[in-house]
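Trainee: Okay, here's the prediction I keep looking at, along with the sequence it came from:
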Amino acid sequence: MPPPATAKPHLNPPLLRSPHLLPPARHLATRSRRLGSASTTAPPSVAVYAAEAAEPTSSDPSAELRKLCVQGQLPQALSLLESSPEPPDEDAYVALFHLCEWRRAADAGMRACEHADAAHRSFGLRLGNAMLSMLVRFGESWHAWRVFAKMPERDVFSWNIMVGGYGKAGFLEQALDLYHRMLWAGVRPDVYTFPCVLRTCGGLPDWRMGKEVHAHVLRFGYGVEVDVLNALVTMYAKCGDVGAARKVFDGMTLTDCISWNAMIAGHFENHECEAGLELFLDMLEDEVQPNLMTITSVTVASGLLADLDFAKEMHALAVKRGFAADVAFCNSLIQMYSSLGRMGEACTVFSRMETRDAMSWTGMISGYEKNGFPDKALEVYALMEVNNVSPDDVTVASALAACASLGRLDVGIKLHEIATSKGFIRYIIVANALLEMYAKSKHIEKAIEVFKYMPDKDVISWTSMIAGFCFNQKCFEALFYFRHMLADVKPNSVTFIAALAACAATGSLRCGKEIHAHVLRRGVASEGYVPNALLDLYVKCGQTEYAWAQFSAHGERDVVSWNIMLGGFIAHGHGDIALSFFSEMLESGEHPDEVTFVALLCGCSRAGMVSQGWELFHSMTEKYSIVPNLKHYACMVDLLSRVGRLTEAYDFIARMPITPDAAVWGALLNGCRIHRHIELGELSAKFVLELEPNDAGYHVLLSDLYADAGRWAEVARVRKTMREKGLEQDYGCSWVEVKGDIHAFLTDDETHPQIKEINAVLHGIYERMRASGFDPFESHSLEDKEVSKDDLLCGHSERLAVAFGLINTTPGTSISVTKNQYTCHSCHGILRMISKIVRREITVRDTKEFHHFRDGSCSCGGSG
């Protein structure tokens, strides 16, 4: 059972026959006196060694070595050891090991250890214990194990050192195994054994084992020892059983400050802040003097109560008791004020600190980042570098989170280099922060690389990747990672939200239903944003019945729930129903927000409801105190432009209190194209192309405006400009779900295994259209051979998806397609005819709305 080590054999001592693989090391704090090595915390007794070293002679190297150790001359003692032809006696070795341990001289101690190992086939009890104590102090678990294996005789001190050393090194399960083997060997535990073992149980945490050790405590008669009972309180608290911890604490006849600290911290760790603070007040009433650990833990917890007055009282109490200048207390104050969102007070504390450590800087960086000031967080990090303060893993993770919020890839890359050089990359908190930073910076390939080399991945790691793929419009990859995650890690509510968003974006209804089933099995259907994510899935997949059932079952609806349903009605072309639903929303007492009015104004625009649109726009400020933003103004311009009130739309733009953006002028340009108003269209195009000079869509709108008016010279000029700017065709993509699998089709896709069958089906449909007098390729744009607006902004990929659906589903089955661009006039007409010819219902969700084709007509009532 030695700790893992490369290129070193596992040498088992008697009674320890079955070593097994060890988990990654985790830190478990233990007090050195509870390792059974309290006697090694002070320098060796001069009197003892003086007696042993009496009358040394030059012919007695052992006596000379003991004398040098008594005098504290470690270099000379080590030199004498290595130059003597014969090894010294056991007492000389013991004196040397005690001196090395006291001096924290790891290199010298290891040299002495190697010398003793070579000189002895086995170690006596006294020598072995001295070596164990030193090696465990230096964290040399492997070498301690080798010494332990060569000890034919071991006492409780030997076992205590090994159990405590393994626990301290993070080998918690192996520490417990050693404890059981100690009992099996017939060694009776003492008062120092149980604190080590109980802290190990809490570190795992292993409640059942902790209960068993509790029984051992009572059986061996240590049920009244304060140190043991303190460890029991800590163990139960860390295992989540606060009731058992409190029962032990309340039953203690004698308590010390550590007892109170353990119980108070136990309440805090289990999210019982109020109970912990009440116990702290009881502590003061019982006139137990709090120490620094008490004050810092209570101060941090005060920030979690969101009670500023109480937090300030704690601050004042700590100052009165003389903790104001302590760095640890000031760090806890920074954390407390940060939790309360009072970064001004936190900054004041920080600026008044005479001495700052890495935790002080980290507290400020983390506080700024969590309170929505990522720019300030990076400023503090830059000052930290200027002051030559070395960051720790939490510092790097907090700074990376700020980079993710700001899109500061440059700083993020430097932080990545620091994390790699300092070894922080192995900490999962840093790796997860890197995943988020690269994903939000649109460098998902770097996030994949970091994820690939992570030795351990938790639910946050997987969720960051799934959400990152969604953020980078790689929703199929997000679902692929989600399926792989299920084999290793249990997803949480945030994971489900990201996966459901991927299903909604791709129209993957069956996959979304499977995730819904997982949500129900995990019991998180009402947790956080999950109900709204489910609602959004069914709305975007066109499943109005499922959506309405989810909305009705959602007991705690918020404004987001109502907005999702409003958006669904509008996307399906039901503007009148949306307005009625809005009235129902108001009657329920829900207050609308900015998103609500964007959806409503968009619905009015598509339905041509000008008066209702004006009424809603004015009510924003008059009734609901919502200041219109650019999206609201763009919706109003679009509403007026679509119905031909172009001059009114232009005047509306001129009166805007904020500078119009490209979307506002683009809405007017589109209206001019619809109603063939060349002069105003040219003016709109001038503004919009100044704001978005490389947007292909606006260039095509202007080109189409000229083409509809027969001004081919201007059309040629716009096309030439597009070629010079390199505004190439943006290939469209459409997805269709067949038998639970998603099939994607790109524009002019010739790679699909069934492409020949797909083209044959389309060719047959085109022939039937021509036979009925409908020309599927009638030109509606330029008379030359240049790419048309339909080719540029549509790509026609939905035709391939529909044809694939026709081939692979039974007659009469409806077909649902999702695409990443708008549906052009040509495709709209063809899909209407296909629905009539094959007698199927076809649904296409493009970037603007849903199109339900049935019997040769579309729900939008238009032509695309």
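Mentor: Structure's in. What do you need?

Trainee: tell me the phi and psi of the nearest residue to residue 809 once chain neighbours are set aside?
Mentor: Here the nearest residue to residue 809 in space, its sequence neighbours aside, is residue 738; by CB to CB, 6 or more residues apart in numbering that works out to 6.2 Å. (Glycine included, C-beta is placed from N, CA and C.) When quoted as degrees, to the nearest 10, the phi and psi of residue 738 stand at phi -130, psi 120.

Trainee: Count the residues that sit near residue 738.
Mentor: By other CB atoms under 10 Å, the residues close to residue 738 number 17.

Trainee: Verify the contact between it and residue 804 for me.
Mentor: Yes - the criterion here is CB atoms under 8 Å, and residue 738 meets it with residue 804 at 7.1 Å.

Trainee: number of nearby residues for residue 208?
Mentor: Using other CB under 10 Å, residue 208 is surrounded by 9 other residues.

Trainee: Tell me which other helices or strands the helix or strand harbouring it touches.
Mentor: Using DSSP states H and E, residue 208 maps to helix 207-219. Applying 3 or more CB pairs under 8 Å, 6 or more residues apart in numbering; DSSP states H and E, one finds that helix 207-219 contacts helix 172-184, helix 193-203, helix 226-238.

Trainee: which stretch among those helices comes nearest residue 605?
Mentor: Ranking those by distance to residue 605, with CB to CB as the measure, places helix 226-238 first at 58.7 Å.

Trainee: follow-up on the earlier one: can I get the helix holding residue 208 in CSV, CA atoms only?
Mentor: The C-alpha trace of helix 207-219 is given here as CSV (Å, rounded to 0.1, in the frame of the first residue of the first chain):
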residue,chain,number,x,y,z
TRP,A,207,-20.1,8.9,7.0
ARG,A,208,-20.4,5.1,7.6
MET,A,209,-16.7,4.7,8.4
GLY,A,210,-16.9,7.8,10.6
LYS,A,211,-19.7,6.1,12.6
GLU,A,212,-17.6,3.0,12.9
VAL,A,213,-14.6,5.0,14.2
HIS,A,214,-17.0,6.8,16.6
ALA,A,215,-17.9,3.4,18.1
HIS,A,216,-14.2,2.6,18.4
VAL,A,217,-13.7,5.8,20.3
LEU,A,218,-16.3,4.8,22.8
ARG,A,219,-15.0,1.2,23.0
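
Trainee: Any buried residues in the helix ranked longest in the chain, and which?
Mentor: The helix spanning the most residues in the chain, taking DSSP state H as the definition, is helix 755-771. Buried residues in helix 755-771, defined by neighbour count with 16 or more other CB atoms under 10 Å: 758, 761, 762, 765, 766, 769.

Trainee: Rebuild those as CSV, extending it with pLDDT and distance to residue 820.
Mentor: Converted to CSV, those look like this (pLDDT from 0 to 100; distance: CB to CB, whole Å):
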residue, pLDDT, distance to residue 820
758, 90, 19
761, 90, 23
762, 90, 20
765, 89, 24
766, 89, 24
769, 87, 26
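
Trainee: Looking at the residues you listed, which is nearest residue 124?
Mentor: Comparing those against residue 124 with CB to CB picks out residue 758 as the nearest, at 84.6 Å.

Trainee: quick one: the closest one and residue 808, what's the gap?
Mentor: Using CB to CB, to the nearest Å, we find residue 758 at a distance of 10 Å from residue 808.

Trainee: Contacts only, for the residue nearest to residue 809.
Mentor: Residue 738 makes contact with 804, 805, 808, 809, according to CB atoms under 8 Å, 6 or more residues apart in numbering.

Trainee: hmm, 7 Å instead?
Mentor: Residues in contact with residue 738 (CB atoms under 7 Å, 6 or more residues apart in numbering) are 805, 808, 809.

Trainee: now these as JSON lines including pLDDT and distance to residue 621?
Mentor: Output for the contacts of residue 738, formatted as JSON lines (pLDDT from 0 to 100; distance: CB to CB, whole Å):
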{"residue": "805", "pLDDT": "92", "distance to residue 621": "47"}
{"residue": "808", "pLDDT": "93", "distance to residue 621": "53"}
{"residue": "809", "pLDDT": "91", "distance to residue 621": "51"}
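
Trainee: which of the residues you listed are buried?
Mentor: By neighbour count, with 16+ other CB under 10 Å, these hold 805, 808 as buried.

Trainee: nearest to residue 165, of the contacts of residue 738?
Mentor: residue 808 (64.3 Å).

Trainee: Excluding chain neighbours, what is closest to the closest one?
Mentor: Once flanking residues are discounted, residue 808 sits nearest to residue 738: 4.8 Å by CB to CB, 6+ apart.

Trainee: what's the answer for residue 94, then?
Mentor: Nearest non-adjacent residue to residue 94, counting by CB to CB, 6+ apart: residue 130, 4.5 Å away.

Trainee: how close does the closest residue in space to residue 575 that isn't next to it in sequence sit to residue 764?
Mentor: Distance criterion CB to CB, 6+ apart; nearest residue to residue 575, sequence neighbours excluded, is residue 607 at 3.5 Å. Distance, residue 607 to residue 764, using CB to CB: 37 Å.

Trainee: Then residue 410?
Mentor: The value you get for residue 410 to residue 764, if CB to CB is used, is 56 Å.

Trainee: same deal with residue 377?
Mentor: According to CB to CB, residue 377 stands 62 Å off from residue 764.

Trainee: Residue 270 now?
Mentor: Here residue 270 is placed at a distance of 69 Å from residue 764 (CB to CB).

Trainee: next one: residue 631
Mentor: The gap separating residue 631 from residue 764 is 44 Å, by CB to CB.

Trainee: ok, and residue 735, which helix or strand is that part of?
Mentor: strand 733-738.

Trainee: That strand pairs with which strands?
Mentor: Sheet pairing here is set by DSSP bridges, and for strand 733-738 it gives strand 741-746 (antiparallel), strand 815-819 (antiparallel).
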